[in-house]
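Colleague: Okay, predicted coordinates and the sequence, questions at the end:
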Amino acid sequence: MGKTDELKKVFEKRNFYTTRDTGKIFLYALLLPLAVGLLFSYIAVAIARGVGVEFADGTNIINELFDNYLWFSIPYTLITQVVFICIYFSYNKFNRIKQSACNISFKKANVWTCLVCIFVGILCVFGFVTLIEGVFGNLFEVIGVESSSIGLRNDTVGWYFLNLLLLGIIPPICEELLFRGMMFQGLKEKFSPLASVFLTALLFALMHESITQFIYPFILGFVLTVVMDKTNNLLYPMLIHAFNNITTITISFLQNIGVLKIEFIGMPWWAYIVGVVLAIVTFVILFVIYKFYLIKQPKNEVEKVGQAPLSSNISIGRLPVTLVLGILIAVVMIVINAI
C-alpha cells in the first residue's frame, strides 16, 4: 500500500510551479511572440503583394498594413496574447500541472476587494500618468528616444469598443495567467515574497521590450504582484490590470474625439510638480489600502499536491539559466529598440 501511494503521488498532477518553470515560461513568452509575429508579418506581406498591394520605397510595410488593413491589424494585435494563452495551456499539459495551479478563484473572491481592485486600477493611471508621460516622456524626447509601438485607431465608438476587447480585456487575462499565475508562483520556491514581487515586476516590465514602456509597467507590475502575494487569488490582479487598461483606452478615446486635451510634451514647469505630488499621493493611498485593508483579508490558501521533476537544473545562483538568458535577451531588445 505504501508503494502504491508513492507511485500514485509521482504520477499525480501537481498544482504548483517551480523557479525552473518560471525561467522556461519567461523565455518562451519572450521569444515565441517574436517568432510568430515575424512569421505572420512575412506571410501577410507576401499575400498583400500577391493581391496587388504596392508599397512605396522607404515605407514601413508593417505600419502601412497595420494602419490600412483590418485583416492584418487585428490578428497582429492579438499575436502576443494568443501565444501567451497557448503557452499557458500547453506548458501545463506537457508538464502535468493542474490548471488550478494559477490560483484563480471566483467563489472565494470578496465583492468589496473586487471593488477596491477596480479603484486601484483606475487610480494608478491618474496617479502616475502625469509623472511618467510628462517628466520621463520629455526626458526620452530630449535624449532622442522615441516609442516604436503601434496601436489600433481609437477615434470612433466602434473602434473604442474594439480596443476595449483587444487591449482592455484580453491582455490582462493572458498576461496575468503567465506573470502572476505562473512566474510569480514559481519564483516563490527559492526567493522571499518581496524578492519574488520585485523580480516578477521586473520581468513584466522587460517583456515590453522598450525603455519608454518600462517604468510604468514596472510600477503596475509591482502593485499587481503585491496584491497576488497577499490574496493568492489571480482574479484580483486581473481586475486591476483590466481597469487600468480600460481607463487608459477611455482617456485616449476622449482625447481623439476632442473631449479632452492633454499634452505632456512641453508642459509648463508647474505640471511637473503636480505630477510628482500626484504620484506621492497615489503611493500613500496604495499604502493605506495595503496596510489597513489588503493584509487583513483572508488569503486563498492552497495545499501543494504532486511532485516536481527531480532532474538537475542549471542555474546561476538561485536563478535558472533560462531566466538569466531571457533577461539578457530582453535587455538587448530594449537597447536595439532604443537605437
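Modeller: Cool, got the structure. Residues are numbered from 1 along each chain as shown.
Colleague: can you confirm Tyr216 is in a strand?
Modeller: No - assignment of Tyr216 by DSSP: H, G, I helix; E, B strand; the rest coil gives helix, placing it outside any strand.
Colleague: what's the burial count for the residue nearest to it when sequence neighbours are not counted?
Modeller: Spatially, and ignoring its direct neighbours in sequence, Tyr216 is nearest to Ile132 (4.9 Å; Cβ to Cβ, 6 or more residues apart in numbering). C-beta: built from backbone N, CA, C; applies to glycine. If you count neighbours by other Cβ atoms under 10 Å, Ile132 ends up with 19.
Colleague: For Ile132, which residues are in contact?
Modeller: Residues in contact with Ile132 (Cβ atoms under 8 Å, 6 or more residues apart in numbering) are Ile215, Tyr216, Ile219.
Colleague: Out of these, which end up buried?
Modeller: Neighbour-count burial (16 or more other Cβ atoms under 10 Å) is assigned, among these, to Ile215, Tyr216, Ile219.
Colleague: how much space is there between the first one and Ile132?
Modeller: Spelled out, it's Ile215. Separation of Ile215 from Ile132 (Cβ to Cβ, to the nearest Å): 5 Å.
Colleague: Let me know the closest of the contacts of Ile132 to Asn163.
Modeller: Closest approach to Asn163 among the contacts of Ile132 (Cβ to Cβ): Tyr216, at 18.1 Å.
Colleague: all strands of this protein, in order?
Modeller: Secondary structure of the chain (DSSP state E): strands at 315-316, 319-320.
Colleague: OK, contacts around the closest residue to Asn232 other than its chain neighbours?
Modeller: Of all residues not flanking Asn232 in the chain, Asn300 sits nearest, at 4.2 Å (Cβ to Cβ, 6+ apart). Applying Cβ under 8 Å, 6+ apart to Asn300 gives the contacts Asn103, Ser105, Lys108, Thr231, Asn232, Asn233.
Colleague: Could you do Gln99 as well?
Modeller: Applying Cβ under 8 Å, 6+ apart to Gln99 gives the contacts Phe89, Asn92.
Colleague: Helices of the chain, residue ranges please.
Modeller: Here the chain has its helices, by DSSP state H, at 2-11, 19-50, 61-68, 70-94, 111-129, 137-142, 157-163, 170-178, 184-187, 193-206, 215-231, 235-256, 269-292, 321-338.
Colleague: so how far is the third one from its chain's centroid?
Modeller: Centroid separation for helix 61-68 versus its chain: 25 Å, with Cα atoms, centre = their mean, to the nearest Å.
Colleague: tell me the angle of that helix relative to helix 19-50?
Modeller: Angle of helix 61-68 versus helix 19-50, following axes from the mean of the first three to the mean of the last three Cα atoms, to 10 degrees, is 80 degrees.
Colleague: cool, and the fifth one?
Modeller: When the same axes, to 10 degrees is applied, the directions of helix 111-129 and helix 19-50 differ by 60 degrees.
Colleague: Buried residues, helix 111-129. List them.
Modeller: Neighbour-count burial for helix 111-129 flags 113-114, 116-118, 120-125, 127-129 (criterion: 16+ other Cβ under 10 Å).
Colleague: got it, and stretch 219-230?
Modeller: Under the neighbour-count criterion of 16+ other Cβ under 10 Å, stretch 219-230 has Ile219, Leu220, Gly221, Phe222, Val223, Leu224, Thr225, Val226, Val227, Met228, Asp229, Lys230 buried.
Colleague: From Ile280, how far off is the first one?
Modeller: Right, Ile219. In terms of Cβ to Cβ, Ile219 sits 13 Å off from Ile280.
Colleague: could you point out where the stretch 201-339 of the chain is predicted with low confidence?
Modeller: Along the stretch 201-339 of the chain, segments meeting pLDDT under 70 span 264-267, 310-312.
Colleague: try 90
Modeller: Low-confidence segments of the stretch 201-339 of the chain, defined by pLDDT under 90: 208-216, 252, 255, 258-276, 297-318, 334-339.
Colleague: and what of the stretch 1-150 of the chain?
Modeller: 1-13, 51-61, 63, 67-68, 99-100, 105-108, 128-150.
Colleague: try 80
Modeller: For the stretch 1-150 of the chain, residues meeting the criterion pLDDT under 80 lie at 1-12, 57-58, 130-150.
Colleague: Now Ser100. Nearest residue, chain neighbours left out?
Modeller: Of all residues not flanking Ser100 in the chain, Asn15 sits nearest, at 5.7 Å (Cβ to Cβ, 6+ apart).
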